[in-house]
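Asker: when you get a sec, could you give me coordinates for this:
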Amino acid sequence: MKQVTASGQTVEDAVQSALKQLNTTEDQVNVDIIDEGKKGLLGIFGSKPAIVKVSLVENPVKKAEMYLSNIVSDLGIDATIETIVKGNQLTFQLTGEKIAILIGKRGQTLNAVQYLLQLVVNRSSNQYYTVVLDAEGYRKRREETLVNLANRLAVKAVRSKRGVELEPMPSFERKVIHTALQNSKQVNTLSAGDEPNRHVVIKPKS
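Answerer: Numbers count the residues shown, from 1 in each chain. Alright, predicted model coming up:
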């Protein structure tokens, strides 16, 4: 964290001096008053300068964006990053060439990077962010694939009269399966196993 200690005739003067050194504005810093100073007799004799310590506040969103940019660069991908913040949801949209490298098999690489971004942004944030990392609309296509899979395996479970276990998935993908079948009159869904092998089980209703 970048910080400076500055002095001035008043606390405000000291703060302004620090802001000038840091080349920033007051809404981007934390201010600790070390000494409020003393005006002294006639404003001259016995006067004592005010001293403050001013620290730049890390922007967790920008930090995560830079982290993602470095990963993309290291993978040799020429991509554009669009950052969208809606409440406590932070979405990174990637577009460009060679995006398939970042997506990986069934989105495994994309999910892993998304998890890392979640850790990075919440490590220095005062509020909790839910991070979504998408690349060339992959999340929407994956959701459609999961919904079709859920419906197909639900039919299989009913016909075989046995539960059907899906492959391990991250929680947000399991939620897609549960939501797709939540109004079904023929099957129930539940999550089983421990991370990272937690998965959905589709069971026919009795």
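Asker: so where's the chain shaky on pLDDT?
Answerer: 1, 40-46 (pLDDT under 70).
Asker: domain ranges for it?
Answerer: As assigned by automatic domain parsing, the chain contains the domains 3-56, 60-136, 141-204.
Asker: just the endpoints, please. Distance across the longest one?
Answerer: Same thing as domain 60-136. Distance between the two ends of domain 60-136: 24 Å, counting by Cα to Cα, to the nearest Å.
Asker: mind checking how far the longest helix along the chain is from the chain centre?
Answerer: Assignment by DSSP state H gives helix 138-160 as the longest helix of the chain. For helix 138-160, the separation from the chain centroid amounts to 28 Å (computed by Cα atoms, centre = their mean, to the nearest Å).
Asker: so which elements touch that helix?
Answerer: strand 164-165, helix 171-181, strand 187-192, strand 199-204 (3 or more Cβ pairs under 8 Å, 6 or more residues apart in numbering; DSSP states H and E). Yep, even glycine has a C-beta here, placed from its N, CA and C like the rest.
Asker: what about Arg152, distance to Ala6?
Answerer: Between Arg152 and Ala6 the distance is 66 Å, computed by Cβ to Cβ, to the nearest Å.
Asker: for this structure, what spans make up the strands?
Answerer: Ranges of strands in the chain, per DSSP state E, are 3-8, 29-35, 50-56, 79-86, 89-96, 130-135, 164-165, 187-192, 199-204.
Asker: figure out which of the ones you listed is closest to Lys156.
Answerer: Closest of the strands of the chain to Lys156 is strand 164-165, at 5.6 Å (criterion: Cβ to Cβ).
Asker: parallel or antiparallel, which strands does the closest one pair with?
Answerer: Applying DSSP bridges, strand 164-165 is found paired with strand 199-204 (antiparallel).
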